[in-house]
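[1] what follows is a protein structure lacking sequence information:
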């Protein structure tokens, strides 16, 4: 492991459970006060915290490592990912700490706080107000999303990566409302993934169920089998779903399920979705949807092939 994977043996209150509001966290000798819970997953919590000295706000992610070495390795891979990538459209790690209390471990990651919220929050607001996101803003945001995604796919040290959980909820708006930052690298995986044995298939199925939000999940991830190769083209499918969501304020297969009935998984597996008559958008955006939301993995474009659509 890299040298920055150092363990700091300091005690943090409520190590095994969520932190309570107004509780104090010590991180790398600095004090932070928990303001509220921003999000919660199976083994992680994200809090809004305030620095005790200057009052600056941050997001603090706590990952409980409840399953020994494997869960700790997974958390540390997320730390490494934040530390390795330097791109304005990828979230940056401020600092982290590995804490242990009576044999139980948790990793705390201090991240920037984005007061504007996520693209999902923007979508929800527009739906509530019965308004739309301007096409110029969609194009601008998609350019930023693709810029960050390209950095992930290019990887580092000869390794390529796929995000595996690309969705509006993992995309944060900067204060200028122009730049978008991709976050939540807990789902990040090396690409390609070669599934040659039955244990590899089972392990990857578990990984998909844990990390990949169904509404944005590529169809090949519903039929995982031996002798299968999973690549970053799953992110391209997810990007198509994100674009559709920005255009029509609901995911393509969620809309289809709502209109036609049946299961969401079946709609995705069939690649069934509709384009509403309104609002109207430039044909180039419809072209992007068509090439991204194709079941044929090899026919999906790469990020460099998509970027010219958003110039």
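    Everything's here; your move. In this text, all values refer to a predicted model and were calculated from it rather than measured experimentally.

[2] and the nearest residue to residue 79 once chain neighbours are set aside, what does it touch?
    Distance criterion Cβ to Cβ, 6 or more residues apart in numbering; nearest residue to residue 79, sequence neighbours excluded, is residue 96 at 5.1 Å. C-betas here are computed from N, CA, C, even on glycine. Counting by Cβ atoms under 8 Å, 6 or more residues apart in numbering, residue 96 touches 79, 82, 107-110.

[3] what's the neighbour count on residue 298?
    Residue 298 has 7 neighbours, counted by other Cβ atoms under 10 Å.

[4] from residue 166, how far out is it?
    Using Cβ to Cβ, to the nearest Å, residue 298 is found at 19 Å from residue 166.

[5] now the one helix or strand residue 125 maps to, how far from the centre of its chain.
    Per DSSP states H and E: residue 125 is located in helix 119-129. In this view, helix 119-129 has its centroid 18 Å away from the chain centroid, taken as Cα atoms, centre = their mean, to the nearest Å.

[6] who does that helix touch, helix- and strand-wise?
    Applying 3 or more Cβ pairs under 8 Å, 6 or more residues apart in numbering; DSSP states H and E, one finds that helix 119-129 contacts strand 171-173, helix 233-248.

[7] any weak-confidence spans in the stretch 51-200 of the chain?
    Low-confidence segments of the stretch 51-200 of the chain, defined by pLDDT under 70, are located at 67, 102-103.

[8] list the buried residues in the longest helix along the chain.
    If you go by DSSP state H, the chain has its longest helix at helix 135-154. Neighbour counts over helix 135-154 (16 or more other Cβ atoms under 10 Å) mark 138-153 as buried.

[9] tabulate the contacts of residue 96 (JSON lines), appending neighbour count.
    What follows is these, written out as JSON lines (neighbours: other Cβ atoms under 10 Å):
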{"residue": "79", "neighbour count": "23"}
{"residue": "82", "neighbour count": "19"}
{"residue": "107", "neighbour count": "22"}
{"residue": "108", "neighbour count": "26"}
{"residue": "109", "neighbour count": "24"}
{"residue": "110", "neighbour count": "21"}
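
[10] contacts for the longest helix of the chain?
    Here helix 135-154 has contacts from 85, 87-90, 119, 160-163, 166, 171, 177-182, 188, 191, 232, 235, 239, 242-243, 246-247, 281-282, 285, 302-304, 306-307, 310-311, using Cβ under 8 Å, 6+ apart.

[11] quick one, which of those residues are buried?
    85, 87, 89-90, 119, 161-163, 166, 171, 179-182, 188, 191, 232, 235, 239, 242-243, 246-247, 281, 285, 303, 306-307, 310.

[12] hmm, who's touching the helix or strand residue 305 falls within?
    Per DSSP H and E: residue 305 is located in helix 303-306. Residues outside helix 303-306 that contact it (Cβ under 8 Å, 6+ apart): 146, 149-150, 153, 236, 239, 288, 291-292.

[13] do stretch 214-224 as well
    Contacts for stretch 214-224 (Cβ under 8 Å, 6+ apart): 165-167, 195, 201, 204-205, 208, 212, 228, 230, 233-234, 237-238, 241-242, 251, 253-254, 264-265, 268-271, 295, 297.

[14] phi, psi for residue 91 please.
    Main-chain torsions, residue 91, degrees, to the nearest 10: phi -60, psi 140.

[15] OK, contacts around the spatially closest residue to it that is not a sequence neighbour?
    The shortest distance from residue 91 to any non-neighbouring residue, by Cβ to Cβ, 6+ apart, is to residue 183 (4.1 Å). Neighbour list for residue 183: 91, 111, 170-172 [criterion: Cβ under 8 Å, 6+ apart].

[16] what's the domain layout of the chain?
    Structurally, the chain divides into domains by automatic domain parsing as follows: 24-112, 119-310.

[17] how long is the shortest one end to end?
    Distance between the two ends of domain 24-112: 18 Å, counting by Cα to Cα, to the nearest Å.

[18] distance from the chain centre to that domain, please.
    For domain 24-112, the distance to the chain centre is 16 Å (Cα atoms, centre = their mean).
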